[in-house]
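Engineer: Need a 3D model of the sequence below.
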Amino acid sequence: MKNRTLYALLLAICIVGFWFFDNFYTPDDYTSSNSKIDSTPFNVNFLPSSTTGAIIEHEHFILSYNEPYEQAEWVAYELQPGYLTYDDRKRPYFIQDPKVKTKSADWKNYRGSGYDRGHLCPAGDRRFSESAYNETFYTSNISPQDRDFNAGVWNRLEKKVRFWCKKYGKLKIITGGVLTDGLREIGSEDVDVPDAFYKVIFRENEGEVKLLCFLIPNKESQKPLESFLITIDQLEAMTAIDFLEKQSKVWQEEIEGRVDTSGWIF
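Structural biologist: Have a look, this model is predicted:
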């Protein structure tokens with residue numbers, strides 16, 4: 001009888017402990033409140049819509065978290081030539097995003113899955129400060145990527161973006177996986193594996209906006225990057241996201257329905 005009472009008491013303590021952990025646990029924070037590094041805000045006039053309303057602002061990127069899919073539906077960040085340094089940074093642990101109220105997925109969901117913890121805002125674009133670099137290791141900034149895709153065609157595109165930044169100057173970038181019903185899921189939290197990833201890149205050139213929109217299947221490919229270009233209208237139809245919602249309808253109609261590579265060197 002005493003043993004049963006003891007076991008019941010221990011079980012009750014465990015249940016209460018798990019409840020407190022689940023409701024009041026606050027993950028570590030990579031963002032330094034005393035950072036002297038200038039933040040890199042994204043112009044809100046170019047932010048996409050959010051299908052969830054869960055917009056998270058960090059010092060060096062902004063995202064919209066989609067809880068049912070356990071990842072961001074988009075991450076928006078700015079890239080400037082001065083950010084592209086070769087500073088050696090110690091790779092930190094992946095940790096949950098302290099600003100996501102519903103808790104971003106634990107990195108352990110990826111363990112043994114066969115998929116990479118693929119950065120959306122690349123760590124390589126944020127080497128200019130320790131705080132900026134570490135922020136990219138919040139799990140809200142990763143998505144399951146095929147390993148050959150991550151190291152292959154997706155890496156090629158990230159390098160091309162850096163090339164364009166050095167050549168043309170400041171770029172705005174919006175990126176994420178295409179989140180739809182019926183995707184494969186990994187881990188105990190059912191993190192969805194996108195079939196494809198997109199990257200929207202644009203820059204302002206003497207009052208004119210130059211824009212490219214890529215959609216690449218989540219597998220390795222040797223095809224030229226130009227072959228993955230689509231229109232913003234096509235991407236919006238797939239994602240239900242309005243990518244340039246704050247711009248005028250006339251402007252959107254002119255820009256979003258065409259693929260225009262003029263002014264970009266491939």
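Engineer: residues near the residue nearest to Leu84 when sequence neighbours are not counted, how many?
Structural biologist: The shortest distance from Leu84 to any non-neighbouring residue, by CB to CB, 6 or more residues apart in numbering, is to Arg162 (5.7 Å). Just so you know, the C-beta spots here come from the backbone N, C-alpha and C atoms, and that holds for glycine as well. Here the number of neighbours of Arg162 (other CB atoms under 10 Å) works out to 18.
Engineer: And for Lys210?
Structural biologist: 18.
Engineer: Show the pLDDT at the spatially closest residue to it that is not a sequence neighbour.
Structural biologist: Leaving aside its chain neighbours, Lys210 sits nearest to Gly263 (4.7 Å; criterion: CB to CB, 6+ apart). At Gly263, the model reports a pLDDT of 91.
Engineer: Shouldn't Gly263 be within a strand?
Structural biologist: No - assigned with DSSP: H, G, I helix; E, B strand; the rest coil, Gly263 falls outside any strand and is coil.
Engineer: Isn't it up against Val209?
Structural biologist: No - using CB atoms under 8 Å as the test, Gly263 is too far from Val209 to be in contact (10.3 Å).
Engineer: Next up, the contacts around Lys170.
Structural biologist: The contact partners of Lys170, taken as CB atoms under 8 Å, 6 or more residues apart in numbering, are 78-81, 203-204.
Engineer: again, only using 7 Å
Structural biologist: Shown in contact with Lys170 (CB atoms under 7 Å, 6 or more residues apart in numbering): 78, 80, 203.
Engineer: How about exporting stretch 177-187 as CSV, limited to the C-alpha atoms?
Structural biologist: The C-alpha coordinates for stretch 177-187 follow below in CSV (Å, rounded to 0.1, in the frame of the first residue of the first chain):
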residue,chain,number,x,y,z
GLY,A,177,9.7,25.9,-48.1
VAL,A,178,6.4,25.4,-50.0
LEU,A,179,4.0,24.1,-47.2
THR,A,180,1.1,22.1,-48.4
ASP,A,181,-1.1,19.3,-47.2
GLY,A,182,0.1,15.7,-47.4
LEU,A,183,3.9,16.3,-47.0
ARG,A,184,6.1,13.7,-45.4
GLU,A,185,6.8,14.3,-41.7
ILE,A,186,9.7,13.6,-39.5
GLY,A,187,10.3,13.5,-35.7
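Engineer: mean confidence score for it?
Structural biologist: 98.
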